[in-house]
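Visitor: structure for the following, please:
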Amino acid sequence: MLILTHSGSFHADEVIGHAILTLAHPGQELRLERTRDPARWAEADIVFDVGGIYDPAVKRYDHHMTDAPLRADGTPYSSAGLLWRDFGRDAIRAVTGSESGAAVDAVWGRLDAGLILLTDKIDNGVSYPTPDALSTLIGDLNASWDEPDADEMEAFLRAAALAREALINRIRRTHAAVKARAMVEEAARTGSDPRLLELPQGMPWRDVVLELGLPVLYAILPRKNGQWTLECAPAAPKSFDLRRPLPQAWAGLTDAELQRVTGVPDAVFAHRNLFMAVAGSREGALRMAELALA
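Guide: Predicted structure coming up:
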């Protein structure tokens, strides 16, 4: 399959677009050509970020026309956004192996509202609130003005490898967050006390609790070493304030001292800032949670 974009300096949108295409076509050989020759555009299977045409039916994905496509909020698409719209779900399925349409849609939506939207804004000169490290790193791989003999294709492929790895990692982490959300929702639904969340393994749960407005004060979850952790829910996103800290009497205690104060025979540790404690067993963590709730 011949995929084609423009020659010359590259930007994050076509580099990320290239990563999307390679991920969305696992097992297929994609041959990249970078040119501004219209005759070559006509021969390509997919043309992106050049050509003056947006038409998914013939796989043309430029966005530089006066009638270029816009997002629902009015943000202009870049080639990355257009390719993500058509090929992003295939890329997600290839990376995660997920057969769940709902999970794939959730991952697609989160990345579309994050990395991809930000790439669209940067490429179209739309203001954005925070700097984007990936776009900066990609841009820095262009040859400098005083490197006239630099190999443009070699530089593009280095940038493409960086973008592909970053996109793979972002998809995997987002997919993990989507799975965690479903597990937290299920644990909250089936738990005996809405203030206490019991999870089957370590996973991000705090943001889910806040997003869903769950009345959770504490969560207990196993550690890889066989111990169990009791963790406090935050009062707000990105806040160190807690909805309810652990009892003050536990602060900084370990082993025998903590066991004496709590009456829990396998109590191990309580952080001096009272946002977490550790017990040697599930039963111990549950008992510490009950004490904290009381």
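Visitor: next, count neighbours for residue 173.
Guide: A count of nearby residues for residue 173, using other C-beta atoms under 10 Å, gives 13. (Each C-beta comes from the backbone N, C-alpha and C, glycine too.)
Visitor: quick thing: my sequence starts at 704, can you match it?
Guide: Will do, 704 is the new start, and the previous item becomes residue 876.
Visitor: may I see the buried residues of the helix or strand that it is a member of?
Guide: Assigned by DSSP states H and E, residue 876 falls within helix 855-893. Using 16 or more other C-beta atoms under 10 Å as the test for burial, helix 855-893 gives 858-860, 862-863, 865-867, 869-871, 873-874, 877-878, 880-884, 887, 890-891.
Visitor: what mean pLDDT does that helix have?
Guide: Averaging pLDDT along helix 855-893 gives 97.
Visitor: and the next element down the chain from that helix?
Guide: That would be, after helix 855-893 and using DSSP H and E, strand 899-901.
Visitor: show residues contacting the helix or strand following that following strand.
Guide: Where DSSP H and E defines the elements, the next helix or strand beyond strand 899-901 is helix 909-915. Identification of contacts with helix 909-915 by C-beta atoms under 8 Å, 6 or more residues apart in numbering yields 883, 884, 887, 888, 891, 900, 917, 919, 936, 937, 939, 940.
Visitor: switch the residues you listed over to JSON lines; also include distance to residue 818.
Guide: Below are these laid out as JSON lines (distance: C-beta to C-beta, whole Å):
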{"residue": "883", "distance to residue 818": "19"}
{"residue": "884", "distance to residue 818": "19"}
{"residue": "887", "distance to residue 818": "23"}
{"residue": "888", "distance to residue 818": "25"}
{"residue": "891", "distance to residue 818": "29"}
{"residue": "900", "distance to residue 818": "29"}
{"residue": "917", "distance to residue 818": "28"}
{"residue": "919", "distance to residue 818": "29"}
{"residue": "936", "distance to residue 818": "28"}
{"residue": "937", "distance to residue 818": "25"}
{"residue": "939", "distance to residue 818": "25"}
{"residue": "940", "distance to residue 818": "20"}
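Visitor: and which of those residues is nearest residue 765?
Guide: Residue 765 has its nearest neighbour among these in residue 884, at 36.1 Å by C-beta to C-beta.
Visitor: residue 797 - how many residues pack around it?
Guide: Taking other C-beta under 10 Å as the neighbour definition, residue 797 ends up with a count of 18.
Visitor: isn't it up against residue 725?
Guide: No. Residue 797 lies out of contact with residue 725 (C-beta atoms under 8 Å); the separation is 9.5 Å.
Visitor: domain-wise, how is the chain divided?
Guide: 705-882, 895-996 (automatic domain parsing).
Visitor: alright, that wraps it up for me.
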